[in-house]
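K.L.:
Next come a sequence and a model predicted from it.
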Amino acid sequence: MLIEIKNLSKLYSMEGVEVQALKGINLQIAKNEYVAIMGPSGSGKSTLMNILGCLDTPTEGHYLFNEVDVSSLDDDALSAMRNKEIGFVFQNFNLLPRMTSLLNVELPLVYAGVPKAARRELAIKALGRVGLAERMGHKPSELSGGQRQRVAIARALVTNPGILLADEPTGALDSKMGEEIMGLFNELHQEGNTIILITHEQEIANHAHRTIFIKDGEIHYDRPNIKP
């Protein structure tokens with residue numbers, strides 16, 4: 001099993017008041033699954049995403065990634081796990097405006113210490129995978145919103161991570177561009193990538209093969225999506 005969450009809880013203290021964001025969550029995600037995590041604002045889905053992405057740690061319980069207990073790792077080990085195993089795709093792309101598409105995609109490899117020639121080759125390949133080989137010399141301001149999200153997806157793919165973690169990936173796009181990006185996620189899943197999609201939109205979640213609905217810090221339901 002790629003991901004195992006066991007009795008996981010997260011407690012925050014906000015201005016002296018304790019808030020339980022997650023309450024004894026249990027779930028499993030296998031390699032090459034395509035999962036949507038849904039829930040209303042304040043449901044705990046963002047907290048769960050942060051823990052899955054090694055950006056936060058649980059108060060109680062365990063998070064196992066490839067049988068490694070992530071919940072017990074220190075900050076340096078968490079950072080290493082995050083850089084190696086998690087490919088992030090954000091709603092607002094998070095691209096550096098003065099860098100070309102190629103340099104933006106290379107960035108995770110720079111942090112990983114990959115030599116220049118090797119990282120350039122990997123970045124070119126990643127841009128090719130998302131259909132942007134001809135735009136590698138363009139800066140974000142010279143690209144459409146959909147193209148910018150494709151660059152962000154290429155950047156997420158370039159380290160060959162264990163999972164792609166996409167947080168509202170179509171939130172800043174119009175419906176046509178959004179459908180194109182979801183089509184790309186479908187292709188990436190068919191190529192063998194494990195995708196975890198965080199969304200509040202049922203229409204977007206329907207692209208996944210399974211939906212986990214979080215409400216009040218608990219799993220309200222976890223079921224396969226029925227394809228027409």
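P.N.:
Looks like it came in fine. Residues are numbered from 1 along each chain as shown.

K.L.:
Tally up the residues packed near the residue found closest to G171 once you drop the neighbours it is linked to in the chain, please.
P.N.:
Distances taken as C-beta to C-beta, 6 or more residues apart in numbering place Q91 nearest to G171, at 3.9 Å, with adjacent residues excluded. (Glycine included, C-beta is placed from N, CA and C.) Q91: 17 surrounding residues under other C-beta atoms under 10 Å.

K.L.:
Relative to T170, how far out is Q91?
P.N.:
8 Å (C-beta to C-beta, to the nearest Å).

K.L.:
Also G137?
P.N.:
Distance, G137 to T170, by C-beta to C-beta: 26 Å.

K.L.:
okay, these two: which has more neighbours?
P.N.:
Each of G137 and T170 has its neighbours counted (other C-beta under 10 Å); T170 has more, 25 against 10.

K.L.:
close enough to count as contact, the more buried one and E180?
P.N.:
No - between T170 and E180 there is no contact under C-beta atoms under 8 Å: 9.2 Å.

K.L.:
List the contacts of the spatially most central residue of the chain.
P.N.:
For the chain, the residue nearest the mean C-alpha position is L165 (1.1 Å; C-alpha atoms, centre = their mean). Residues near L165 by C-beta atoms under 8 Å, 6 or more residues apart in numbering: M49, L52, G53, I86, G87, F88, V89, I196, I198.

K.L.:
what do you get for G178?
P.N.:
So G178 contacts T170, I204 (C-beta under 8 Å, 6+ apart).

K.L.:
would you say it is within a strand?
P.N.:
No - G178 is assigned helix when assessed by DSSP: H, G, I helix; E, B strand; the rest coil, not a strand.

K.L.:
how far away is it from A208?
P.N.:
From G178 to A208 the distance is 14 Å (C-beta to C-beta).

K.L.:
swap in K6?
P.N.:
Counting by C-beta to C-beta, the separation of K6 from A208 is 23 Å.

K.L.:
Please consider this matter closed, and thank you.
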